[in-house]
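> Next one to model:
(2 chains)
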Amino acid sequence: MSVLRFIDWCNSLGMSVAVRKSTWMFPIIEVVHLLGLGLLLGTLTIVSLRVFGFVLKGQTVYRVASELEPWTLGGLCVMLVTGPLLFLAEPRKCYDSPPFRLKMICLFVALIFHFTLFRRIIHSADNRPSWPLGKLGVGFSLMLWFAVGLAGRAIGFY
Amino acid sequence: MFVTGVLLFISMPLKCYHSIFFPIKMALLVLSGLNALLFHATIYRRMAEWDNDSVPPFQARLAGIVSLVLWVGVIAAGRNMAYRF
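Residues are numbered from 1 along each chain as shown, chains lettered A, B, ... in the order given. All right, here's what the predicted structure looks like:
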């Protein structure tokens, strides 16, 4: 099935038609998407700052990360639900949009990196007080997520 | 945010002027500031008393909830400035 046929199918879905017809559905879903982003990036930034040694130095990296992780994952779930809904509102526009494609690539890489290398770094960080490679990895993770956000913002401007 | 906010406003003042959400957003920001001020002037001063409690006192939690609600409002209002209703 070609991608364009998939796009056409998306356009035919009830959800897609409903969001396109409504004046308020898209803005509401979008705001919820942004609030999820706040949770995801906010908690991730705090954990990363802890790995860099800038905040909460009285707590272990593991403590900070494990306490915040449910909120990170919660924010991620909110975004992974509202994101496709936003896509459904304008599938063809997203398909044609270079920032959207870049965003999806960055998201894919960010997710894989988060659930593999980032996890390993968090678990080892307390045993290696000054760990340039670990900090680099965490910095890279943060960059990936910010790239997703930036590309998402660019969709509207491109 | 303040610096970039001013820059954004300067770059398209008419869009801000024509949107109902801009004054709403500004009002919510003022309320957030007042909430923070109130918190810092009162219950925060006694934090040594309650900092180690498992559940902070009601006034502190109220300040937290109010803060969350107001800031969610700021985000919602700010985002909706882009749309014409």
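
> Which element, helix or strand, includes B:V72?
Element membership for B:V72 (DSSP states H and E) is helix B:58-80.

> Ignore what I typed, I meant A:G58.
Using DSSP H and E, no helix or strand contains A:G58.

> With B:I24 instead?
helix B:21-41.

> returning to that earlier point: what's the helix holding B:V72 in contact with?
Residues from elsewhere that reach helix B:58-80 (CB atoms under 8 Å, 6 or more residues apart in numbering or on different chains): A:27, A:30-31, A:34-35, A:38, B:19, B:21-22, B:24-25, B:28-29, B:31-32, B:35-36, B:38-39, B:42-44, B:50, B:55. From N, CA and C alone the C-beta is placed, and that goes for glycine too.

> for stretch B:22-32, same thing?
With CB under 8 Å, 6+ apart, stretch B:22-32 has contacts from B:C16, B:S67, B:L70, B:W71, B:G73, B:V74, B:A77, B:G78, B:M81.

> which other helices and strands contact the helix or strand A:F146 falls within?
Taking DSSP H and E as the criterion, A:F146 maps to helix A:132-157. Where contact means 3 or more CB pairs under 8 Å, 6 or more residues apart in numbering or on different chains; DSSP states H and E, helix A:132-157 is packed against helix A:25-52, helix A:98-113, helix A:119-124.

> mind putting these in JSON lines, distance to A:S141 included?
Below are those laid out as JSON lines (distance: least, CB to CB, whole Å):
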{"stretch": "helix A:25-52", "distance to A:S141": "7"}
{"stretch": "helix A:98-113", "distance to A:S141": "6"}
{"stretch": "helix A:119-124", "distance to A:S141": "8"}
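
> Contacts only, for the one residue in chain A that gets nearest to chain B.
Of all residues in chain A, A:V31 sits closest to chain B, at 4.6 Å by CB to the nearest CB. Going by CB under 8 Å, 6+ apart, A:V31 touches B:I75, B:A76, B:R79, B:N80.

> ok, the last one - how many residues close by?
In other words, B:N80. When neighbours are counted by other CB atoms under 10 Å in any protein chain shown, B:N80 registers 21.
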